[in-house]
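Participant: Show me the folded form of this:
(one chain, ligands or ions: 1)
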Amino acid sequence: MRHWASFDREVVAGAHEAHLQLQLTDATYSVDGVEAHCPPGVYHATSASSSTFLLRHLNGVNFGDHPSILEVGVGSGAVLLSLAKRLGDGVFVGVDISDLAVKTARSNAVRNGLNVDIRKSDLFDAVAGERFDAIFFNAPLYDREPRSAVEEHMLCDPGGRILERFVREAPRHLKPGGAAFVTASNIGLVAPLDDPTVSIALKGAELFDTGVIRALVRITPARTRKDTPP
Ligand SMILES: C[S@@+](CC[C@H](N)C(=O)[O-])C[C@H]1O[C@@H](n2cnc3c(N)ncnc32)[C@H](O)[C@@H]1O
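Facilitator: Below is the predicted model of the structure:
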């Protein structure tokens, strides 16, 4: 399966343009009691953004006691910092490919007095050999060739290449019983979720009046025959 629901390409292209312009502004948002400063070029955690969509659906997840949590593509830190504030006890690591996002997430952690570990990384490169109870990624969603650096890292995933790498690599960084969560959309390719090495489940979804569907997908390693009771 490539896309799972059709949408009006012109309406979505217009909404994307407005969304892109927003990313070039300087603003500070209050996200679940955390202040997130988002300079131009760092993903803006507005109340209508995929950041708050992700947080709404992660809030229903039981992370257990003292969980170790990794956010891939931490951006401003809005989501990771909100979780760290709510859960209090735990290990919180955030990675991002963008130098500006890394600097911003670190300064937002200081601004909110929260202790998180932020590293520069292309997906899992900076956490080689490390495992977590939960991993999440508010991924770039739009299946379209980027025309700028902002689009490339924050908004576009042509051919689903980033999603494909995340689905393949995330299980290697999960502790037994752990789960990864990734955003997906009908404006992006969902074929990488068909990977036979993982099991997927829908954790939450929302439909917007542009016809765009945002979904949060839960990923766990596929059960092997050895794991299946006779
Ligand atoms: C849609 S933004 C989400 C930002 C933040 N998590 C939030 O929800 O507000 C996607 C983020 O993923 C980062 N990103 C994109 N590709 C990446 C990669 N290969 N490795 C690490 N981070 C990546 C971008 O720089 C951007 O900060």
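Participant: where are the low-confidence patches of this protein?
Facilitator: The model of the chain has pLDDT under 70 over residues 1-4, 224-230.
Participant: So which residue is dead centre in it?
Facilitator: residue 138 (1.7 Å; C-alpha atoms, centre = their mean).
Participant: Leaving out the residues flanking it, which one is nearest to that one?
Facilitator: residue 54 (4.7 Å; C-beta to C-beta, 6 or more residues apart in numbering). For glycine as for every other residue, the C-beta is placed from the backbone atoms N, C-alpha and C.
Participant: can you check residue 24 too?
Facilitator: Per C-beta to C-beta, 6+ apart, closest to residue 24 is residue 40, 4.8 Å.
Participant: which residues in the chain form strands?
Facilitator: Under the criterion DSSP state E, strands of the chain are mapped to 27-31, 34-38, 68-72, 91-96, 117-120, 132-137, 174-185, 198-207, 213-221.
Participant: Give me the buried positions along the longest one.
Facilitator: The neighbour-count criterion (16 or more other C-beta atoms under 10 Å) identifies 174, 178, 179, 180, 181, 182, 183, 184, 185 as the buried residues of strand 174-185.
Participant: and which of the residues you listed is nearest residue 151?
Facilitator: For those, the residue nearest residue 151 by C-beta to C-beta is residue 185; the value is 15.1 Å.
Participant: hang on, the earlier thing: which of the buried residues of strand 174-185 sit farthest apart?
Facilitator: Most distant of the buried residues of strand 174-185, by C-beta to C-beta, are 178 and 185, 24.2 Å apart.
Participant: Might you enumerate the residues of this structure proximal to the ligand?
Facilitator: 43, 45, 50-51, 54, 72-76, 78-79, 95-98, 101, 121-123, 138, 140, 153-154, 162 (C-beta under 6 Å from any ligand atom).
Participant: what residues are up against the spatially closest residue to residue 208 that is not a sequence neighbour?
Facilitator: The shortest distance from residue 208 to any non-neighbouring residue, by C-beta to C-beta, 6+ apart, is to residue 214 (7.3 Å). Applying C-beta atoms under 8 Å, 6 or more residues apart in numbering, we find residue 214 in contact with 50, 53, 141, 183, 184, 185, 205, 206, 208.
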